[in-house]
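Chemist: got a sequence here, can you build the structure:
(one chain, ligands or ions: 1)
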Amino acid sequence: MLPPASKLPGFVNMLRWMADPDGCLERDAARYGEAYLMKSTLFGVEAIFNHPAALKEIFTGDPERFAAGEANELLGPLLGDRSVLLLDGAEHLHVRRMMMPAFHGERMRCYTDVMRESTARAIGSLRPGDQVGLHGLFQRITLDVILNTVLGLDEEGPELTQARHQITHLLDRVQAPSGALWMIPTLRREMYGYGPWASIKREIEALDRTLLAHIAARRALSVEKDDVLAMLIRAVDEHGKGLDDATLCCQLKTLLIAGHETSATAMGWAFEELLREPGEQERLMAEVARVTGTAPLTAEHLPKLERLDSVIKETLRLHPVTGAMGRILKKPATIAGYDLPAGTFVVACAHVTHRRPDLYPEPLRFMPERFVGKKLDPYEWLPFGGGVRRCLGMAFSLHEMKVIMATMLGAGIELRLVDRGPVKATLRSLIYSPKGGTKVVVRARPAKKAAHSATMSPSIPIE
Ligand code: HEM
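Modeler: As a prediction, the model looks like this:
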């Protein structure tokens, strides 16, 4: 038996999704239920599921049957076909195992200072009355963090400037509002070097050259470094074999791209929500002041920031950044009682799961307290996907978001949203971003409220 199916043609579905990415998922689920088929320009037929039991079947299914790498194939031209995101089976496990130690929870404390200082630098020039787009600000911070922690670029200079410029420019191109179009293979025409795809391709090649040169310089270096690249260069498998330069380059590109825009977007959504909620900013500021006292923020403080932790979880519930995860069936499978043929593109629709009223009462309300003391169910809360493909950077990004947000909340400023009207999501490639870039006005924090947090580093000069 097959699930119910929408009759709309694939290109109409693609246009609906591009125009209103989250609204479209919610309307389809309201109409067709917790399992349905949908035609897709990119993937043929999609079988879309949102019940946690179905998601469990997808994420715990045999990876040889549920291929994630093949489902991510459209990202190949950008990330390279050796990227961990694009590999399947034994090759995927091999590369993922080599990368895992750099993202293990224990390693996170090494990254705290970089995250705090990058935030301090970025907000250090803000003045009361300034209007700033938080999404752009977070992009700058998370890009600096990832360039430092992954490539070891920790000093202002031509190398850092070039890498920063190349990645920002490339992402601006591939994440333009027409973003998803470059992923359609028939639209990737070079047109004798003059088409839009040809110039994106030149930018990808330039970034590859930069990364390969960086890898070569690193291999020639006699001093040991402690960043992710150093760990990847040292990593060997059970046969003593390491990653070759081309494979290494694909992983660096994946980490630099997957590892900054995602966290920046999640923090944009967090401030969209917390600044709308009366008293939430003040509650969080008070928590940061109570936990850190007069000391600069360290990794030891983070487990005590319980309200902030709940705010981040609730943000990722309402806005999971990527709305859904895909797998291609390499063999027939039965999901939620429905028999699906090989070749079906299976979608685990986290966005809709996260808004199911049976799992989350009043699902559209931002209520961080629903996560206080709650043990997370991996098939009810899954912004980072699941199973053997769960996001490699999950611990990194949760740590990073806490450090960046706590540093901002302890900096002696208050933020106010410029536009308090309802905010919609807009697509930046596959990322669901808050439309408008989360514009805020910076205000000096009244002296009484600021007293507790005055010693946080750095404090914004108040005029
Ligand atoms: C809020 C931030 C982030 C979100 C919401 C997010 C979400 C995701 C999702 C949904 C997947 C696919 C999981 C699946 O198919 O089941 C994924 C994979 C991945 N993410 Fe993240 N991510 C975030 C941050 C990061 C960061 C900071 C890094 C690196 C520093 C990173 C690196 C990766 C990698 C390498 C994969 C591929 C894993 C594999 O295929 O084995 N992500 N992420």
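Chemist: ok, the nearest residue to Lys331 once chain neighbours are set aside - how many residues close by?
Modeler: With sequence-adjacent residues excluded and distances taken as CB to CB, 6 or more residues apart in numbering, Lys331 is closest to Arg65, at 4.9 Å. No exception for glycine: its C-beta is placed from N, CA and C like everyone else's. Neighbours of Arg65 under the rule other CB atoms under 10 Å: 15.
Chemist: tell me the pLDDT at Arg65?
Modeler: At Arg65, the pLDDT value in this model is 97.
Chemist: residues in contact with it?
Modeler: By CB atoms under 8 Å, 6 or more residues apart in numbering, Arg65 lies in contact with 329-331, 333.
Chemist: let's go with 10 Å and repeat that
Modeler: For Arg65, the contacting residues are 327-333, 342, 346, by CB atoms under 10 Å, 6 or more residues apart in numbering.
Chemist: residues of the stretch 251-400 of the chain that sit close to the ligand?
Modeler: Residues of the stretch 251-400 of the chain lying near the ligand by CB under 6 Å from any ligand atom: 254-255, 258-259, 262-263, 266, 321-322, 325, 383-386, 389-393, 396-397.
Chemist: buried ones among those residues?
Modeler: With neighbours counted using 16 or more other CB atoms under 10 Å, these contain these buried positions: 254-255, 258-259, 262-263, 266, 321-322, 325, 383-386, 389, 391-393, 396-397.
Chemist: is the ligand within reach of stretch 418-435?
Modeler: No: judged by CB under 6 Å from any ligand atom, stretch 418-435 and the ligand are separated, with a smallest distance of 8.7 Å.
Chemist: how about the helices in the stretch 251-400 of the chain?
Modeler: Ranges of helices within the stretch 251-400 of the chain are 261-274, 280-292, 306-318, 350-353, 394-409, based on DSSP state H, counting those that start in this stretch.
Chemist: can I get these in a markdown table including mean pLDDT and distance to Arg140?
Modeler: Below are the helices of the stretch 251-400 of the chain laid out as a markdown table (pLDDT from 0 to 100; distance: least, CB to CB, whole Å):
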| stretch | mean pLDDT | distance to Arg140 |
| --- | --- | --- |
| helix 261-274 | 97 | 8 |
| helix 280-292 | 96 | 22 |
| helix 306-318 | 98 | 20 |
| helix 350-353 | 97 | 27 |
| helix 394-409 | 97 | 11 |
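Chemist: can you redo those as CSV with distance to Thr149?
Modeler: Formatted as CSV, those follow (distance: least, CB to CB, whole Å):
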stretch, distance to Thr149
helix 261-274, 12
helix 280-292, 22
helix 306-318, 19
helix 350-353, 26
helix 394-409, 8
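Chemist: go through those helices and name the closest to Ala90.
Modeler: With CB to CB as the measure, helix 394-409 is the member of those nearest Ala90 (23.0 Å).
Chemist: specify the angle between that closest one and helix 306-318 in degrees.
Modeler: Interaxial angle, helix 394-409 versus helix 306-318 (axes from the mean of the first three to the mean of the last three CA atoms, to 10 degrees): 120 degrees.
Chemist: what does the stretch 1-150 of the chain put close to the ligand?
Modeler: Residues of the stretch 1-150 of the chain found near the ligand (CB under 6 Å from any ligand atom) are 68, 84-85, 96.
Chemist: contacting residues for Ala336?
Modeler: 3, 34-35, 47, 49-51, 53-55, 57-58.
Chemist: where's the residue nearest to Lys331 relative to the ligand, distance?
Modeler: Distance, Arg65 to the ligand, using CB to the nearest ligand atom, to the nearest Å: 15 Å.
Chemist: Gly89 contacts Gly69, correct?
Modeler: Yes: Gly89 is in contact with Gly69 according to CB atoms under 10 Å; the separation is 8.0 Å.
Chemist: name the residues contacting each of these two.
Modeler: Joint contacts of Gly89 and Gly69 (CB under 10 Å, 6+ apart) are Pro63.
Chemist: what about burial for the contacts of Ala336, which qualify?
Modeler: Among the contacts of Ala336, those scoring as buried are 3, 34-35, 47, 49-51, 54-55, 57-58 (criterion: 16+ other CB under 10 Å).
Chemist: and the residues you listed, which is closest to the ligand?
Modeler: Closest to the ligand out of the buried ones among the contacts of Ala336 is Ile58 (8.9 Å), distances taken as CB to the nearest ligand atom.
Chemist: residues near the nearest residue to that closest one once chain neighbours are set aside, how many?
Modeler: Once flanking residues are discounted, Ile58 sits nearest to Ala348: 5.0 Å by CB to CB, 6+ apart. By other CB under 10 Å, the residues close to Ala348 number 27.
Chemist: Ala348 and Phe271: what is the separation?
Modeler: Distance, Ala348 to Phe271, by CB to CB, to the nearest Å: 27 Å.
Chemist: please apply the same query to Arg97.
Modeler: Counting by CB to CB - Arg97 and Phe271 are separated by 36 Å.
Chemist: who has more neighbours out of these two?
Modeler: Between Arg97 and Phe271, counted using other CB under 10 Å, the more crowded position is Phe271 (23 against 12).
Chemist: any idea how far the more buried one is from Gly437?
Modeler: According to CB to CB, Phe271 stands 11 Å off from Gly437.
Chemist: quick one, strands of the protein?
Modeler: 35-40, 44-49, 66-67, 131-133, 325-329, 333-335, 338-340, 345-348, 413-417, 425-428, 431-434, 439-444 (DSSP state E).
Chemist: does Leu308 touch Arg290 like I think?
Modeler: No: contact criterion CB under 10 Å: Leu308 and Arg290 do not qualify, at 11.6 Å.
Chemist: closest to the centroid, which residue in this protein?
Modeler: Nearest to the mean C-alpha position of the chain, by CA atoms, centre = their mean, lies Thr262 at 2.2 Å.
Chemist: which residues does that residue contact?
Modeler: By CB under 10 Å, 6+ apart, the contact set of Thr262 is 142, 321-322, 383-384, 391, 393, 397, 430-431.
Chemist: lowest-confidence one in these?
Modeler: Within those, Leu430 has the lowest pLDDT, namely 81.
Chemist: pretty sure that one contacts Leu75?
Modeler: Yes: taking contacts as CB under 10 Å, Leu430 lies within contact range of Leu75: 8.1 Å.
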